[in-house]
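Peer 1: Fold the following.
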Amino acid sequence: MKITAFILTFLSILTSVSAMEITTSVTSGNLSFDKAASAPVSSFQGTKFPWGISVYGEKYVTDNTSIKAGIFYDPVLRYTINTLFQYQYNFFKLGVGPFFGIFNTSQTIMKSGITTTVKIELPGVVFASLEADSSIGARFVKVGDYIQEKSLITIGYYIPNAICSLNLVTKSFVVKQEDALEVDDSFTEYSFKVDIFQKNVAFRTVLSFAYQTLSRSYLNTSTGITATNTLNSLVFGTHFKFNLSDNLSLFTNLESNVYSFGYLDSTPLTLPQTGIGLYLFRATAGVTVKL
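Peer 2: Below you'll find the model as predicted:
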């Protein structure tokens, strides 16, 4: 696979750079619609397990500036290459850089975009941040063209041994799948997260409680008719990180649906009652190495 070969090459480059953190992770799960489908479905099976690999590194150039770059996989956005240059001054942190969608369709090998971040923090009290990624250029010219968009708004506060935050995440991947067909995969999440930690303890936990809406819309550009599959889920998430040493840590992230319901337009979507599709989840496992 092209993307696998590219990741292996990128990983070999990162490992040749010293004084930085390198993270490698694998993500999979069945809490998603079939990315290859060209028509809506009346039932959600939960038998597809798309997966992907992320490899990225982060390095502080000075006490106030850092660079984070790598190839990232997201179940909605697919693959992107991000390079983020960040600068922190007192209570403000700003970041900007290019990103590229890569190998997401056979017709469009690379799609350019820009990523920005802004964070305001009163250390130990409260903080707020905004992140935005967006493709640039013309919308669609040929089959295989696509647009990637992501935004994240976070407001948080500190309590003893924990960081609490309210979060809003939106993602969208729109692709011209056929001459007269545009497909839009979109995702919205409202969540409350608690990051639990303690000094001199190697183990760290993040608990999240979220309401997620996952949709896949099919627009016939000839007729103007849109058909949409929607899956709404209450999700409980757990993130665990364990520091094996000063230079090596392992982490896992699991999002499990507590309750889901969906629609084909206004018609209820049939969900699995037995079998492997009864449990819907997204899971990530990875390792971080400090060189």
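Peer 1: what's the closest non-adjacent residue to residue 78?
Peer 2: residue 104 (4.4 Å; Cβ to Cβ, 6 or more residues apart in numbering). For glycine as for every other residue, the C-beta is placed from the backbone atoms N, C-alpha and C.
Peer 1: Quick check: the residue in the chain sticking out farthest from the centre vs residue 130, distance?
Peer 2: Here the chain reaches farthest from its C-alpha mean at residue 223, the gap being 32.7 Å by Cα atoms, centre = their mean. Applying Cβ to Cβ, to the nearest Å, the value for residue 223 to residue 130 is 38 Å.
Peer 1: With residue 142 instead?
Peer 2: 33 Å.
Peer 1: do the same with residue 86
Peer 2: Counting by Cβ to Cβ, the gap from residue 86 to residue 130 is 14 Å.
Peer 1: So for those two, which sits in the more crowded spot?
Peer 2: The neighbour count for residue 86 versus residue 130, taken as other Cβ atoms under 10 Å, is higher for residue 86 (19 against 13).
Peer 1: which residues touch residue 225?
Peer 2: Residues in contact with residue 225 (Cβ atoms under 8 Å, 6 or more residues apart in numbering) are residue 219.
Peer 1: Beta-bridge partners for it, please?
Peer 2: Listed by DSSP bridges, the beta-bridge partners for residue 225 are residue 220.
Peer 1: Show me what stretch 85-98 is in contact with.
Peer 2: 64-69, 82-84, 112-123, 129.
Peer 1: tell me the mean pLDDT over it?
Peer 2: Mean per-residue pLDDT for stretch 85-98: 94.
Peer 1: now do stretch 130-146
Peer 2: On average, stretch 130-146 scores 91.
Peer 1: Would you map the strands across the stretch 151-291 of the chain?
Peer 2: For the stretch 151-291 of the chain, strands defined by DSSP state E, counting those that start in this stretch occupy the ranges 162-178, 181-196, 203-220, 225-243, 248-264, 267-268, 281-290.
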